[in-house]
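Trainee: have a look at this fold, sequence not included:
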């Protein structure tokens, strides 16, 4: 069932207490696991890169640092585009889609680390795809803030 908010006014205290608080809380509860997953995918290379050579890969120190840095760079870039997607596609639709895209780097990394012959360029592409998590995280945060009154936002 698709539901679209037609009249949203969290600044109106009676509206907030009757309807808004419930809707905002529900959206926040659904977003928490999505945000956790996005953040985990975004930063997984920081944990993976330091151990790649221990499991048989032959990357230089510079390559390992690059693998750890690329998700941050792509995530920061995607933040710009992802933030525009929430008003275009809707918060729920965009959250489902952008969280689903996190399967690409997650499954890809799971397969790639099993073979020490995986090329550096493949690892670099997977690291770039982990930036999806950064874009997802930032766009979801801007989506959730829409649901709360200004006085409740941090």
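Mentor: In hand now; what should we look at? What you see is a predicted model, and the numbers here were worked out from it, not measured in a lab.
Trainee: any low-confidence regions in this structure?
Mentor: Counting by pLDDT under 70, the low-confidence segments of the chain come to 1-4, 154.
Trainee: hey, where'd the strands end up in it?
Mentor: With DSSP state E applied, the chain shows no strands anywhere along its length.
Trainee: count of neighbours near the closest residue to residue 86 other than its chain neighbours?
Mentor: The spatial neighbour of residue 86 that comes closest, neighbours along the chain excluded (Cβ to Cβ, 6 or more residues apart in numbering), is residue 143 at 4.7 Å. No exception for glycine: its C-beta is placed from N, CA and C like everyone else's. Here the number of neighbours of residue 143 (other Cβ atoms under 10 Å) works out to 21.
Trainee: likewise for residue 131?
Mentor: Using other Cβ under 10 Å as the criterion, residue 131 is surrounded by 23 other residues.
Trainee: quick one, what contacts the residue lying closest to it once chain neighbours are set aside?
Mentor: The shortest distance from residue 131 to any residue other than its chain neighbours is 2.6 Å, reached at residue 74 (Cβ to Cβ, 6+ apart). Taking Cβ atoms under 8 Å, 6 or more residues apart in numbering as the definition of contact, the neighbours of residue 74 are 127, 128, 129, 130, 131, 132, 134, 135.
Trainee: alright, that wraps it up for me.
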